[in-house]
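Undergrad: quick check, what structure comes out for this input:
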Amino acid sequence: MKTTKNIGLVLSGGGFRGVAHIGAMQALEEAGIIANFVSGTSAGAIVGSLYAAGHSPKIIKDFFKNTPLFTFNRLTRKKAGFLDTEKFYKDLLAYFPQNSFESLQKKLFVTATDLIEGKTTVFNTGELIKPLLASAAFPGVFTPVMINNELYADGGILDNFPITPLEKHCDLIIGVDVSPIKKPKISDFKHSYNVMQRAYYLRAMPNGETKFKQCDIIIQPKELIHHSVFNPSSLDKVYEYGYQEAKLQLQSFLKKQENDTRDKE
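TA: Numbers count the residues shown, from 1 in each chain. Here you go, the predicted structure:
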C-alpha cells in the first residue's frame, strides 16, 4: 500500500450488525493497516471508541457478547424509550475509566442527533461516555440522552455514515457500512421494532449511499441483510462476514494500486 500519513476509518450504525465492524478491523490489522482517525455513529461509535482506546478486536467482540440489552433492570420507567440508556453507563466505564476523548490512543469523532434543533452534532473532546450513549440511542427503543442541557439520540437518524469529520484530516479513508437493506415483505412487520427499523433505514440509506464513493475502500458485507439490528444471536457469523468482506476489498484495492503503479512506469 502506498505510504499515507493519516488513515481514517468510518463506521456506520447498525445495531448488533456492528460486530461486522470488528471483523473488518481484524482484517485491516492483519494487513498492517492501522487507522489513526475514527468516525462512527451508533454501533459504529461504540466499536470505534473501543478501537480508539486500544482494545483488541477480541475484547471488543467480547463486549458485545457480554453486554446484555434486554434485561429487566435496564427497562425504563416514565421515560421516552423502552430501555434506559443511562443504565449502560457502567458497562462502558469499565472500558473507559478516564472517560474522555483525550485519553484515547486515536482521534475519535462521535455523532449524535440533536432532537430539538434537528441537526447532527459531532463530539470529539471532553466527556466520552455520554456522547457514546447518545449516539447509540435508537429512537423508540433507548431513551434520549441529555448533554449540556441538550437532548440527543441516535446519530444515524440524520447521518448513518459520518465521513465528513475525516475529510480534512485523512489522505486515505476506509468505510465500513453494516446497514445493507432488502425490500421487506408485509409479513416481516410482526413487531413495533420491525417498523422502527425499516423507518430508520429508509431515512439513513439516501444520505449514506452518496458518501460511499468518497471512500478509498468501502466494505459492505451484503450477507448482513439476513441479520436483525436487535438480534444478538450469530455474532460470530456477523464478525466473519465483516472479516471476509474486508479481506476481499483490501485485495481488490491493493491489486488496483499495483496496476496503477505499473501503468505509470
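
Undergrad: burial count for the nearest residue to Lys65 once chain neighbours are set aside?
TA: Of all residues not flanking Lys65 in the chain, Leu235 sits nearest, at 6.0 Å (CB to CB, 6 or more residues apart in numbering). C-beta here means a position set from N, CA and C on the backbone, and glycine is covered the same way. Leu235 has 19 neighbours, counted by other CB atoms under 10 Å.

Undergrad: what packs against the longest strand that the chain contains?
TA: Taking DSSP state E as the criterion, the chain has its longest strand at strand 107-114. Where contact means 3 or more CB pairs under 8 Å, 6 or more residues apart in numbering; DSSP states H and E, strand 107-114 is packed against strand 37-41, helix 43-52, strand 119-123, helix 129-135, strand 150-153.

Undergrad: quick one, what contacts the residue nearest to Lys65?
TA: When contacts are counted by CB atoms under 8 Å, 6 or more residues apart in numbering, Leu235 touches Phe16, Val19, Lys61, Phe64, Lys65.

Undergrad: state the mean pLDDT of the longest strand of the chain.
TA: Within the predicted structure, the mean pLDDT of strand 107-114 is 98.

Undergrad: A helix includes Leu250, no?
TA: Yes. According to DSSP: H, G, I helix; E, B strand; the rest coil, Leu250 belongs to a helix.

Undergrad: ok, it to Pro180 distance?
TA: Per CB to CB, to the nearest Å, Leu250 is found 19 Å from Pro180.

Undergrad: swap in Ala43?
TA: Counting by CB to CB - Ala43 and Pro180 are separated by 14 Å.

Undergrad: could you do Cys215 as well?
TA: 15 Å.

Undergrad: okay but Asn36 is in contact with Ile7, surely?
TA: Yes. Using CB atoms under 8 Å, Asn36 is in contact with Ile7, at 6.1 Å.

Undergrad: neighbour count winner among those two?
TA: More crowded of Asn36 and Ile7, by other CB under 10 Å: Ile7, with 23 against 16.

Undergrad: what is that one paired to in the beta sheet?
TA: In this entry, Ile7 is beta-bridged to Leu172, by DSSP bridges.

Undergrad: for it, give me its contacts.
TA: Ile7 makes contact with Ile33, Ile34, Ala35, Asn36, Phe37, Cys170, Leu172, Ile173, Ile174 under the criterion CB under 8 Å, 6+ apart.

Undergrad: now the helix or strand containing Gly23: how far from the chain's centre is it?
TA: Here Gly23 sits within helix 19-30, counting by DSSP states H and E. Distance of helix 19-30 from its chain centroid, counting by CA atoms, centre = their mean, to the nearest Å, is 12 Å.

Undergrad: mind giving me the packing neighbours of that helix?
TA: Going by 3+ CB pairs under 8 Å, 6+ apart, helix 19-30 lies up against strand 7-11, helix 43-52, helix 57-66, strand 172-176, helix 235-264.

Undergrad: would JSON lines of these with mean pLDDT and distance to His227 be doable?
TA: Listed next are the helices and strands packed on helix 19-30 as JSON lines, based on pLDDT from 0 to 100; distance: least, CB to CB, whole Å:
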{"stretch": "strand 7-11", "mean pLDDT": "98", "distance to His227": "17"}
{"stretch": "helix 43-52", "mean pLDDT": "98", "distance to His227": "12"}
{"stretch": "helix 57-66", "mean pLDDT": "94", "distance to His227": "13"}
{"stretch": "strand 172-176", "mean pLDDT": "97", "distance to His227": "15"}
{"stretch": "helix 235-264", "mean pLDDT": "89", "distance to His227": "6"}
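
Undergrad: so which of these gets nearest Leu133?
TA: Among the helices and strands packed on helix 19-30, helix 43-52 comes nearest to Leu133, with 9.1 Å by CB to CB.

Undergrad: alpha carbons of stretch 161-178, in CSV - could you do that?
TA: Provided in CSV are the C-alpha atoms of stretch 161-178 (Å, rounded to 0.1, in the frame of the first residue of the first chain):
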residue,chain,number,x,y,z
PHE,A,161,-22.1,7.2,7.6
PRO,A,162,-20.2,10.2,9.2
ILE,A,163,-17.3,10.6,6.8
THR,A,164,-17.3,14.4,7.0
PRO,A,165,-15.2,14.8,10.2
LEU,A,166,-12.4,12.8,8.5
GLU,A,167,-12.2,14.6,5.2
LYS,A,168,-9.8,17.4,6.2
HIS,A,169,-7.6,15.1,8.3
CYS,A,170,-7.0,11.9,6.2
ASP,A,171,-5.4,11.1,2.9
LEU,A,172,-6.9,7.6,2.9
ILE,A,173,-10.4,6.8,4.1
ILE,A,174,-11.8,3.3,4.7
GLY,A,175,-15.5,3.0,5.2
VAL,A,176,-17.4,0.1,6.7
ASP,A,177,-21.2,0.0,6.2
VAL,A,178,-23.1,-2.6,8.1
